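1. The sequence and its predicted three-dimensional model are supplied below.
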Amino acid sequence: MTGSISGRRSPLPSIGVGIVAAVVGAVGWAVLVDATNRKIGIVAVGLGLLVGLAMARLASGWRPLPVVAAVVALAGCLLGDVFVDASILGEVTGAGTLSALSDMVTQPEVGKAIFSAGFEPVDVAFWLIAAFAAFRLTNRATAAAAETPAVGEAAPEPAPAPAAQPGQYPG
């Protein structure tokens, strides 16, 4: 699949799979909170790793991709925190997670108040670690993809072996 003039693979599949990983991670985080009745902030780091691994798997040589991975991981963390807050609110009110999430989305002032009440400064640290993990994993894969020849481009010729000097045996 080529999506650029240079013949390199398009970054869109990598971005798409990263978004899916972020949503799956956010939902998984809320399910974990619901099952354990504990808000576990370090799960955000796992979400960042999931996004980074997913995006690295389909990485292209597009240099801004690691930055996109970090942004997707941050968005996933934000979404995960919102889902976690909705899960907690739904349990406290007895309305259920989906009803609480609906209230948070349709009534932004309610959503902001709930998010603010559940937010802790340590959350930012976990989010930043998640973004760094996604950036780092995707950066390695992007660098490797940038070094591989583009579609239709010939691989570089290996350097010729040095000629044997008089009195030396080749090899």
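-> Done, it's in.
2. correct me, but Ala146 touches Gly61?
-> Yes. At 3.6 Å, Ala146 and Gly61 qualify as touching, with contact defined as C-beta atoms under 8 Å. Where C-beta positions appear, they are placed from N, C-alpha and C, glycine not excepted.
3. Please say which of the two ends up with more neighbours.
-> The neighbour count for Ala146 versus Gly61, taken as other C-beta atoms under 10 Å, is higher for Gly61 (19 against 15).
4. Am I right that the more buried one falls within a helix?
-> No. Counting by DSSP: H, G, I helix; E, B strand; the rest coil, Gly61 is located in no helix; its state is coil.
5. ok, it to Thr142 distance?
-> 6 Å (C-beta to C-beta, to the nearest Å).
6. Likewise for Met104?
-> 35 Å.
7. ok, the two, which is more surrounded?
-> Using other C-beta under 10 Å, the more surrounded residue of Met104 and Thr142 is Thr142, with 25 against 22.
8. tell me the pLDDT at the more buried one?
-> What the model reports for Thr142 is a pLDDT of 92.
9. Can you say which helix or strand has it in it?
-> According to DSSP states H and E, Thr142 maps onto helix 121-147.
10. mind listing what's buried in that helix?
-> Of all the residues in helix 121-147, those buried under the rule 16 or more other C-beta atoms under 10 Å are 123, 126-131, 133-139, 141-142, 145.
11. From the contact counts, what lies against that helix?
-> If you count contacts as 3 or more C-beta pairs under 8 Å, 6 or more residues apart in numbering; DSSP states H and E, helix 121-147 packs onto helix 12-36, helix 43-57, helix 65-93.
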